[in-house]
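J.: mind folding the following:
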Amino acid sequence: MELKKELNNIAKGAQEASRFMLTLSSETKNQVLESMALGLTSKAGDILKANKKDILKARVARHSPAFIDRLTLNKKRIKEMSDSLMELVKLADPTGEVIKAWRRPNGLWIHKVRTPIGVIAIIYESRPNVTSDCIGLCFKSGNSVILRGGSESLNSNLCIYQILKDTLKEYGIPEGAINLITTADRKAVQLLLKLNEYIDLVIPRGGEGLIKKVTQLSRIPVIKHYKGLCHTYVDEWADLNMAENICFNAKVQRPGVCNAMEALLVHKDIALRFLPGMIKKFRQAKVEIRGCPVTQKIAKGIRKATEKDFHTEYLDLILSVKVVDSLEEAVRHINHYGTRHSDTIVTDNYENALAFLKQVDSACVYVNASTRFTDGYQFGLGAEIGISTDKLHARGPMALEELTTYKYMIFGSGQVRK
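T.: As a prediction, this is how the structure comes out:
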């Protein structure tokens, strides 16, 4: 009961603070963000000390090197966290933007105006930098935020949170504007997801299990940042040198992230010319290839790709390869096996490119570019909450604008309805 009461008070305080946030000017928001950024760099020593505790705990628990890398902070990464907040200062404040305005025949002026969502709960794992990114994004967009990070990064998260929270006090902003749930009790998430009276939106960031759990339990609308099973389709009209560079970058540059390529589709008419060299280059980079029967005939020593493989987000140096008969088959394959994240076609045929863009049902669809560009910074949006694979209300990199909704503001001069 104590935990339930505590969470209820946190959510209620966040709602009250969100109403205060509506009164803040863009100038004040930017001043606060600048102070937050300075606080992170000036207290980097405290953050590193807290982070060492989390790293030690992770090593004792025998977590993987990749897990520990995501958890680890250093001076460079703290500087990047600070820079991320400063980037938000440079971006336009989306709140108050008039999306559209029109006058009705009866004289009413109707304005569709961008406004904060209200209270956003973010449930995430591992990476401590998510704490400052989410606080900065929600603050700039005028939302209160409730954070629930993973227990593995609790010391780091708490230190970062306290530094940013102290900044709010300097400007007289209610503490409820940013909140961190510090208990490791797993019941906290279940209880939090029932507080639809106070919380307007939940965003889970993490593995497939976390996202499914949140979606199943929540009484609050959820925007899912699901896995990224991204495809590259090399069309019969592709520039093969370009295709090789794009495919290599999409798989090898950083394989453990959600916008890396997990499956390669190749048109049958260029498979014999393209795949031998491409597979050789992948093998030199220690990429394990799992191929369809045609791919196995073209290149020897390849493991057969199973149905499960084509459904798998590897997040590793492993790649599924399939030779397809047509653009139509490639599109069907992507729409069936993909996760609506990011997919690309390599082609010099304009009609094929246009068909791919229209028919592939993903948040980000590319022509002649690597899927690795699906990122808030690469899109010029600054930091991001994550990559939404939902369709409503946000899709793709979720930054400032996606953390707002809208309302209609109507100006009259005494009109009454007849």
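J.: chain neighbours aside, what residue packs nearest to Pro174?
T.: Among residues not flanking Pro174 along the chain, Ala17 sits closest, at 4.0 Å (Cβ to Cβ, 6 or more residues apart in numbering). C-betas here are computed from N, CA, C, even on glycine.
J.: how far out from the middle of the chain is stretch 31-51?
T.: 23 Å (Cα atoms, centre = their mean, to the nearest Å).
J.: coming back round to it: sec struct for the residue nearest to Pro174, please.
T.: Secondary structure for Ala17, judged by DSSP: H, G, I helix; E, B strand; the rest coil, is helix.
J.: which ones are touching it?
T.: 144, 173-177 (Cβ atoms under 8 Å, 6 or more residues apart in numbering).
J.: let's see 6 Å
T.: By Cβ atoms under 6 Å, 6 or more residues apart in numbering, Ala17 lies in contact with 144, 174, 176-177.
J.: which one (most neighbours) among those?
T.: Ser144 (30 neighbours; other Cβ atoms under 10 Å).
J.: quick check: the gap between the residue nearest to Pro174 and Tyr161.
T.: Going from Ala17 to Tyr161 by Cβ to Cβ, to the nearest Å gives 15 Å.
J.: same check, this time on Met278
T.: Using Cβ to Cβ, one obtains 46 Å as the distance from Met278 to Tyr161.
J.: neighbour count winner among those two?
T.: A side-by-side neighbour count of Met278 and Tyr161, using other Cβ under 10 Å, places Met278 first with 23 against 20.
J.: quick check: phi and psi on the more buried one?
T.: phi -70, psi -40 (degrees, to the nearest 10).
J.: and it, what does it touch?
T.: Applying Cβ under 6 Å, 6+ apart to Met278 gives the contacts Glu244.
J.: and for the one 10 residues further on?
T.: Under the criterion of Cβ under 6 Å, 6+ apart, the contact list for Glu288 reads Ile318.
J.: and it, bridged to which residues?
T.: With beta bridges defined as DSSP bridges, Glu288 has these partners: Ile318.
J.: 481 is where my numbering starts, stick with that
T.: All set: I'll call the first residue 481, so the last point we hit is now Glu768.
J.: now do His873, the pLDDT please.
T.: You'll see His873 listed with a pLDDT of 87.
J.: likewise the one 3 residues further on?
T.: We note a pLDDT of 93 for Gly876 in this prediction.
J.: what about the contacts of Ala497, which are in strands?
T.: Assigned to strands by DSSP state E, the following of the contacts of Ala497 qualify: Ser624.
J.: which ones among the contacts of Ala497 lie within helices?
T.: Among the contacts of Ala497, none falls in helices (DSSP state H).
J.: could you dump the contacts of Ala497 to a markdown table with pLDDT and distance to Phe853?
T.: Shown next, in a markdown table, are the contacts of Ala497 (pLDDT from 0 to 100; distance: Cβ to Cβ, whole Å):
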| residue | pLDDT | distance to Phe853 |
| --- | --- | --- |
| Ser624 | 98 | 32 |
| Pro654 | 96 | 38 |
| Gly656 | 97 | 37 |
| Ala657 | 98 | 33 |
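J.: which strands or helices does the helix or strand harbouring Lys802 pack on?
T.: Using DSSP states H and E, the element containing Lys802 is strand 798-804. Counting contacts by 3 or more Cβ pairs under 6 Å, 6 or more residues apart in numbering; DSSP states H and E, strand 798-804 packs against strand 741-747, strand 768-771, helix 773-778.
J.: including mean pLDDT and distance to Gln670, could these go into JSON lines?
T.: As requested, the helices and strands packed on strand 798-804 are exported to JSON lines (pLDDT from 0 to 100; distance: least, Cβ to Cβ, whole Å):
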{"stretch": "strand 741-747", "mean pLDDT": "98", "distance to Gln670": "32"}
{"stretch": "strand 768-771", "mean pLDDT": "98", "distance to Gln670": "38"}
{"stretch": "helix 773-778", "mean pLDDT": "98", "distance to Gln670": "45"}
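J.: mind putting those into JSON lines with distance to Asn832?
T.: Converted to JSON lines, the helices and strands packed on strand 798-804 look like this (distance: least, Cβ to Cβ, whole Å):
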{"stretch": "strand 741-747", "distance to Asn832": "10"}
{"stretch": "strand 768-771", "distance to Asn832": "23"}
{"stretch": "helix 773-778", "distance to Asn832": "21"}
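J.: any idea how far Leu617 lies from Leu644?
T.: 12 Å.
J.: between these two, which one's more packed in?
T.: Using other Cβ under 10 Å as the criterion, Leu617 and Leu644 rank with Leu617 on top: 28 against 25.
J.: touching the helix or strand that that one is a member of from outside, list them.
T.: Here Leu617, judged by DSSP H and E, is contained in helix 609-620. Applying Cβ under 6 Å, 6+ apart, the contact partners of helix 609-620 are 509, 561, 564-565, 568, 600, 602, 604, 625, 637, 640-641, 644, 658, 863, 865, 880.
J.: ok, back up a step: check the offset of the strand holding Lys802 from the chain's centre.
T.: The answer for strand 798-804 is 26 Å, by Cα atoms, centre = their mean.
J.: name the helices or strands packed onto the very next helix or strand once past it?
T.: Downstream of strand 798-804, the next assigned helix or strand under DSSP H and E is helix 807-817. Helices and strands touching helix 807-817, as assessed by 3+ Cβ pairs under 6 Å, 6+ apart, are absent.
J.: next SSE after helix 807-817?
T.: Note on helix 807-817: by DSSP H and E, the next helix or strand toward the C-terminus is strand 822-826.
J.: please consider this matter closed, and thank you.
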